[in-house]
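Asks: Structure of the sequence below:
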Amino acid sequence: MGRPPSFTPEQWLEAVMKLNTMSDIEVAKELDVNQSTIYRNRLKPEYAEYIEKAEQYLDNLAQQTYTTALNNWEIFCKIPIIKEWDKILNIRRVTDARKKSVKKSIWHLCKYLKQHPSRLNVKEVAEFVVKIRDLYYEGKKQPYGLSYSTLREGVRSYFTLVKHISGEYLTQLGVDKSELKGSGIFAKQKISPEVRKEFEKALNKNSSIYTEYIELLALAKWMYYTATRINASLTFNFNERRYELTKDIWMFEVLDKGEKGGKLWEKYLTGFALKEFKEYCSNRFNISIDKLETELPKKTNYLFPSFVSSAESGKDGIVREVYRRSLIKAGLPYKNFQPCHIFRHTFAQDFLRATEYNYEQCASLGGWSTTYRLKKHYGELGKDPKINALRKAMGLPVEEEYFELNWYGATRIEKPYKCPECGTQFNKLLGICSKCKYISDSINKWVNPNYEPKSK
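Replies: Next comes the predicted model:
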């Protein structure tokens, strides 16, 4: 004989109706049993009828005008108008993290105003948002869950997509999309090659197991070489997105932020970046390197499987905290920084420097909708490249920098070269003196392999 059940289906349903939630964690506390016991019992055939009753009960609560039951997140998500909003967000390919963020902002708003979401008045909500905005700019505390930046985004999303209010009208009411204070303050932040080297050591110490370490290090390098945000990186799925794995180039289609909602971006790995990533995949998934292109999608759905559940549950703060501690230990010189997003900033800075500030290419490969956002928030042109560009345009000698997008760093400087004919300084690699048109031996040799330098 087995052990008698510690509770009956009727008691389970009674607990659900008392708590207004089907959460195994909450019900387990109420019934004073283990969470896994609740889960196993719900799978039994005799519970099907009671689960149906519980779902019907929660649906009925969601149909009502505002009640304290709507303070429960699970019930709030069952409200028809919120379900409709969720469908629209899915169609627009909004990422799960962003979707949860905007929906929770409206949830907190409804709780604060004690209003059912279907009864929210645009003018009243706009007045409230303006009050929160004033608190924000005055540096005062904002109500829990109602920070100005998140609330503004949620309100604009809800009223434009569900209530069909124009964004222009919301702007007139004060719910605008203007830049927030301090916008762009992280634009020039980056992780130097020296700090990256120390970061690897610190990350090893902060990781509990070796598998976790190699995955977190590979994730950091992936974000550096592809400029992909943390959630988009963790949730890439071979079964849901396009990919092309060839010997020399790997392409992954990731769902990341776009100008409006989510957007699919093609991210590439090649050269030494691909070589390192292949070594990681071979080690992590136990596949020989020569078989990765065919076997990797069969062996795993995700590139970084240990942290997928964190991303899907919105608890990617685990990764952020490990990176934060490791970067501080490595000597990152900033007091305030974004521990995952800083890799995207570093890509922008390094890629732009390596391509003489080609913003179009950087935006296309890194995943920026406009070059304006790239310049404003990630890679504003500094003084030195401006002066060098001006000197080059005027035919003046400049030190030519050769820089690579490389995790370990690779830079060399070519000093100006003095023309042996007229004494004018110019870059020897350019090959031709701007004044007397002297052609260097290297260029002559390139044009004519049989060329012999003049004897001095």
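
Asks: For the host helix or strand of Y112, which residues meet the burial criterion?
Replies: Taking DSSP states H and E as the criterion, Y112 maps to helix 96-113. For helix 96-113, a neighbour-count test (16 or more other C-beta atoms under 10 Å) marks 96-111 as buried. Placement of C-beta: from N, CA and C, glycine included.

Asks: any chance you could map the helices in the stretch 201-350 of the chain?
Replies: 210-226, 230-234, 271-285, 292-299, 308-312, 317-330, 341-354 (DSSP state H, counting those that start in this stretch).

Asks: Of these, which is nearest M17?
Replies: Shortest distance between M17 and these, using C-beta to C-beta, is found for helix 308-312: 28.7 Å.

Asks: Distance check, A232 against K177.
Replies: Using C-beta to C-beta, to the nearest Å, A232 is found at 22 Å from K177.

Asks: I meant to write I289 there.
Replies: Remark: distance between I289 and K177 (C-beta to C-beta) = 47 Å.

Asks: re earlier: tell me what the helix holding Y112 is packed against?
Replies: Under the contact criterion of 3 or more C-beta pairs under 8 Å, 6 or more residues apart in numbering; DSSP states H and E, helix 96-113 touches helix 73-76, helix 80-91, helix 122-137, helix 148-161, helix 308-312.

Asks: Output the ones you listed in JSON lines, with mean pLDDT appended to each entry.
Replies: Listed next are the helices and strands packed on helix 96-113 as JSON lines, based on pLDDT from 0 to 100:
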{"stretch": "helix 73-76", "mean pLDDT": "90"}
{"stretch": "helix 80-91", "mean pLDDT": "92"}
{"stretch": "helix 122-137", "mean pLDDT": "93"}
{"stretch": "helix 148-161", "mean pLDDT": "94"}
{"stretch": "helix 308-312", "mean pLDDT": "64"}
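
Asks: pLDDT weak spots in the stretch 251-400 of the chain?
Replies: Along the stretch 251-400 of the chain, segments meeting pLDDT under 70 span 259-261, 309-316, 399-400.

Asks: What residues sit buried inside stretch 367-383?
Replies: If you call a residue buried by 16+ other C-beta under 10 Å, then stretch 367-383 has these buried ones: 367-368, 374-375, 377-379.

Asks: again with stretch 355-363
Replies: Buried residues in stretch 355-363, counted by 16+ other C-beta under 10 Å: 357, 359, 362-363.

Asks: Check these against E253 and report the nearest one.
Replies: E253 lies nearest to A363 out of the buried residues of stretch 355-363, by C-beta to C-beta, at 17.2 Å.

Asks: helices or strands up against the helix or strand hosting A54?
Replies: For A54, the element it lies in under DSSP H and E is helix 48-63. On a contact count with 3+ C-beta pairs under 8 Å, 6+ apart, helix 48-63 meets helix 9-19, helix 73-76.

Asks: mind running it again at 10 Å?
Replies: helix 9-19, helix 35-42, helix 73-76, helix 80-91 (3 or more C-beta pairs under 10 Å, 6 or more residues apart in numbering; DSSP states H and E).

Asks: Which segments of the protein make up each domain?
Replies: Residue ranges for the domains of the chain, per automatic domain parsing: 9-63, 80-172, 193-376, 384-447.

Asks: what's the closest of those to W73?
Replies: Nearest of these to W73, taken as C-beta to C-beta: domain 80-172 at 6.4 Å.

Asks: Compute the first-to-last residue distance for that closest one.
Replies: 29 Å (C-alpha to C-alpha, to the nearest Å).

Asks: what does stretch 72-87 give?
Replies: End-to-end distance (C-alpha to C-alpha), stretch 72-87: 20 Å.

Asks: can you list contacts of it?
Replies: Stretch 72-87 is contacted from outside by 19-23, 26, 55, 57-64, 67, 69-70, 94, 99-100, 102-104, 106-107, 110-111, 116-120, 157-158, 161-163, using C-beta atoms under 10 Å, 6 or more residues apart in numbering.

Asks: Show the buried residues in those residues.
Replies: 20-23, 26, 57-58, 61-62, 69-70, 94, 99-100, 102-104, 106-107, 110-111, 116-117, 120, 157-158, 161-162.

Asks: isn't K163 right next to I106, touching?
Replies: No - assessed by C-beta atoms under 10 Å, K163 is found out of contact with I106, at 11.2 Å.

Asks: For the residue nearest to L13 when sequence neighbours are not counted, give me its contacts.
Replies: Spatial nearest neighbour of L13, excluding adjacent residues (C-beta to C-beta, 6 or more residues apart in numbering): Y50 at 4.7 Å. For Y50, the contacting residues are 8-14, 16, 42, by C-beta under 10 Å, 6+ apart.

Asks: Please tell me how far Y50 sits from Y57.
Replies: As for Y50, its distance to Y57 is 10 Å (criterion: C-beta to C-beta).

Asks: Need the residues touching each of these two.
Replies: 13, 16.

Asks: what secondary structure does R196 sit in?
Replies: Counting by DSSP: H, G, I helix; E, B strand; the rest coil, the backbone at R196 sits in helix.

Asks: give me every residue that touches it.
Replies: Counting by C-beta under 10 Å, 6+ apart, R196 has contacts 190, 220-221, 224, 327, 330, 332, 343, 346, 406-409.

Asks: could those be laid out in TSV, adding distance to K263 and neighbour count?
Replies: Listed next are these as TSV, based on distance: C-beta to C-beta, whole Å; neighbours: other C-beta atoms under 10 Å:
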residue	distance to K263	neighbour count
K190	25	24
A220	23	26
K221	23	19
Y224	21	23
L327	28	23
A330	32	19
L332	30	21
F343	20	28
T346	22	24
N406	28	17
W407	26	22
Y408	31	11
G409	31	13
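
Asks: closest to K278 among those residues?
Replies: So of the contacts of R196, ranked by how close each gets to K278 (C-beta to C-beta), first place is K221, at 12.0 Å.

Asks: Compute the distance between the closest residue to the closest one other than its chain neighbours and K329, please.
Replies: Distances taken as C-beta to C-beta, 6+ apart put W407 closest to K221, at 5.6 Å, once the chain neighbours are dropped. For W407, the distance to K329 (C-beta to C-beta) stands at 18 Å.

Asks: ok, so of the buried residues of stretch 367-383, who is nearest V398?
Replies: Nearest to V398 among the buried residues of stretch 367-383 is G379, at 20.6 Å by C-beta to C-beta.

Asks: Spatially nearest residue to the closest one (excluding sequence neighbours)?
Replies: Leaving out its chain neighbours, the residue that sits closest to G379 by C-beta to C-beta, 6+ apart is A348, at 4.1 Å.
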